[in-house]
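Visitor: Compute the structure for the input listed below.
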Amino acid sequence: MTPETEHRTAIHESGHAVAALLLGHPMACTLFDGGGGATTPETPPDPATVPNFKIHTATRLHGRWTGKPMESILDDCTIYASGKVGEGIVVTHAAGPGFIVVSGPDAALIESAAAAALGRYPSIEAANAWRQLATACAWRLLRPHSASVRAVASALQERRSLSAGAVAQIHAETQNRKEPDPCES
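Guide: Model prediction:
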């Protein structure tokens, strides 16, 4: 990856991991040397098995949301949207959630979850509305914690993999750091 792509990927995965932590679903994150990254429950994949690592896809997770309450499904969608939202906040300095478009695998996962949440396969309009709701929720969740997203991304670029516990520790350290008051001399 180019340094710019690696930075964007680290921010994206950190967005997923910080949002998951804030929603009570701690996740690990990994940067792959061959390009890209992944966020997984609890522990990062073993680098020895990275070629066999399976990315979560809508097809692979079909039925994951059956019988779950809508709030839980929205939490999952918010976590998926938080990758792009992290990029929007930190990398592109988006002015609000309306400036962020969630696409690719994250969008497919949100649409798959929306189908379960709505009790039927949603129309394009319903899928877009659900994606916009998840993006807005991710924005509200991550915006106050953009320093944590940056700190986790920095550690991820350095260490390549972070456990859920490491993400939580970096977040706690970032939240406990007192920012200097510009009025103090």
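Visitor: going forward, measure contacts and count neighbours with C-alpha atoms only.
Guide: Noted.
Visitor: Give me the contact list for the helix or strand hosting Ala166.
Guide: With secondary structure defined by DSSP states H and E, Ala166 is part of helix 164-176. Applying C-alpha atoms under 8 Å, 6 or more residues apart in numbering, the contact partners of helix 164-176 are 17-18, 21, 26-29, 41-43, 145, 147-148, 151-152.
Visitor: so where do the strands sit in the protein?
Guide: 27-31, 37-41, 161-162 (DSSP state E).
Visitor: Show me what counts as buried in the lowest-mean-pLDDT helix or strand in the chain.
Guide: None of the helices or strands of the chain scores lower by mean pLDDT, DSSP states H and E than strand 37-41, at a mean of 77. Buried residues in strand 37-41, counting neighbours by 16 or more other C-alpha atoms under 10 Å, are found at Gly37, Ala38, Thr39, Thr40.
Visitor: again with stretch 142-157
Guide: So, applying 16+ other C-alpha under 10 Å, buried residues of stretch 142-157: 142-143, 145-146, 148-157.
Visitor: sorry, back to before: direction included, what does the least confident helix or strand of the chain pair against?
Guide: Neighbouring strands of strand 37-41 in its sheet, by DSSP bridges, are strand 27-31 (antiparallel).
Visitor: Now do the partner strand: everything it contacts.
Guide: 9-10, 13-14, 17, 20-21, 37-45, 156-157, 160-165, 167.
Visitor: Now which of the residues you listed would you call buried?
Guide: The neighbour-count test (16+ other C-alpha under 10 Å) applied to the contacts of strand 27-31 identifies 9-10, 13-14, 17, 20-21, 37-40, 42-45, 156-157, 160-164, 167 as buried.
Visitor: re earlier: compare the strands of the chain and give me the one nearest Pro105.
Guide: For Pro105, the closest of these is strand 37-41, at 11.4 Å, according to C-alpha to C-alpha.
Visitor: Just the CA atoms of the closest one, as PDB, please.
Guide: Output of strand 37-41 as PDB, limited to C-alpha atoms (Å, rounded to 0.1, in the frame of the first residue of the first chain):
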ATOM      1  CA  GLY A  37      -7.400  -4.400   6.700                       C
ATOM      2  CA  ALA A  38     -10.000  -6.200   8.800                       C
ATOM      3  CA  THR A  39     -11.900  -5.800  12.100                       C
ATOM      4  CA  THR A  40     -12.900  -8.900  14.000                       C
ATOM      5  CA  PRO A  41     -14.400  -9.800  17.300                       C
END
